[in-house]
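Participant: just need the structure, nothing else, for what follows:
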Amino acid sequence: QVQLVESGGGLAQAGGSLRLSCGSSRNTLSNYAMGWFRQAPGKEREFVAGIDWSGGATYYTDSVKGRFTISRDNAKNTVDLQMNSLKPEDAAVYYCAVDHYNSGTRHGRYDYWGRGTQVTVSS
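Facilitator: Have a look, this model is predicted:
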């Protein structure tokens, strides 16, 4: 069982930035490809970004390309999502998860969801 904890959410103005972090006190995240997802009210959870176990390959949904950056620090045991140029449509609860297929792509099989962190963007 992998336990994940997301942090770093909050309120940002449109055009602003936030940095989300995903960590685990029980598990070594460097063993896994990871993904960030988000879910806005009334919408399905969607893939935002993913990263392979080494950090050498990253993947993004089109709407965040050029604005968001996923990275991992295996020494700190974290996977981060730097979000720049935020838009009101980025507002959602953001979750990290482990990819059982170990790919980090949107086609992975994700599990061990954290509780999420709320991102609010004011226009």
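
Participant: for the nearest residue to residue 4 once chain neighbours are set aside, the count of nearby residues, please.
Facilitator: Residue nearest to residue 4 in three dimensions, not counting chain neighbours: residue 114, with 3.8 Å by C-beta to C-beta, 6 or more residues apart in numbering. Heads up, the C-betas are built off the backbone N, CA and C, glycines and all. By the criterion of other C-beta atoms under 10 Å, residue 114 has 18 neighbours.

Participant: who's in contact with residue 114?
Facilitator: 3, 4, 5, 6, 22, 95, 96, 97 (C-beta atoms under 8 Å, 6 or more residues apart in numbering).

Participant: ok, which pair from those residues is furthest apart?
Facilitator: 3 and 95 (13.2 Å; C-beta to C-beta).

Participant: who has more neighbours out of these two?
Facilitator: residue 95 (22 against 11).

Participant: quick one: the strands in the chain?
Facilitator: For the chain, the strands defined by DSSP state E cover 5-7, 10-13, 18-23, 33-39, 46-51, 58-60, 68-73, 78-83, 92-99, 110-111, 117-122.

Participant: ok so, going back, any idea which of the contacts of residue 114 has the most stuff around it?
Facilitator: Top of the contacts of residue 114 by neighbour number is residue 96, holding 31 neighbours under the definition other C-beta under 10 Å.
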